[in-house]
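Q: got a structure for you, letters missing:
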């Protein structure tokens, strides 16, 4: 992301969500979430902090993902992060990239915390919502 970028308070929370997710820091991850968080995951809706913590827990080994933020856009109570989801092989002496997806993550806020998260395979679909 551009080094001259100055993140708004909501963008800072979204960036902490992503950084905590990348680092498997579940306490930091949960600290960004509203108590009534809704995670719109590929396997269905997950509601509440416990369900979000479970969703954010990743077992070590195999293929792992890392989120790289390219740009953030905010309007009202919504922030869209334009991201690249990188896939890495964690096993073996060297980590090798297994692939990458260009996508967007949409964050909706309540009381300064993330109340809803969902991913979009097509950036324009997320951008249409702000």
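A: Sure, I can see it. For clarity, every value in this text was computed on a predicted model and none was experimentally measured. Numbers count the residues shown, from 1 in each chain.
Q: same for the longest helix belonging to the chain, what does it pack against?
A: Ranked by number of residues, the top helix in the chain under DSSP state H is helix 9-22. Helix 9-22 makes packing contacts with helix 26-31, strand 63-75, strand 78-89, strand 96-110, strand 113-120 when contacts are defined by 3 or more Cβ pairs under 8 Å, 6 or more residues apart in numbering; DSSP states H and E. (Glycine included, C-beta is placed from N, CA and C.)
Q: any idea of the angle the helix or strand of the chain with the lowest mean pLDDT forms with strand 63-75?
A: One helix or strand of the chain scores below all others by mean pLDDT, DSSP states H and E: strand 96-110, with a mean of 90. Relative orientation of strand 96-110 and strand 63-75, computed by axes from the mean of the first three to the mean of the last three Cα atoms, to 10 degrees: 40 degrees.
Q: in its sheet, what does strand 96-110 sit against?
A: strand 78-89 (antiparallel), strand 113-120 (antiparallel) (DSSP bridges).
Q: do you know which of the helices and strands packed on helix 9-22 lies nearest residue 44?
A: The closest of those to residue 44 is strand 113-120. By Cβ to Cβ, the value is 11.8 Å.
Q: What lies in contact with the closest one?
A: 13-14, 17, 32-34, 36-40, 42, 103-109, 126 (Cβ atoms under 8 Å, 6 or more residues apart in numbering).
Q: so that strand versus helix 9-22, what angle?
A: 70 degrees.
Q: Centre of the chain to strand 113-120, how far?
A: Distance of strand 113-120 from its chain centroid, counting by Cα atoms, centre = their mean, to the nearest Å, is 8 Å.
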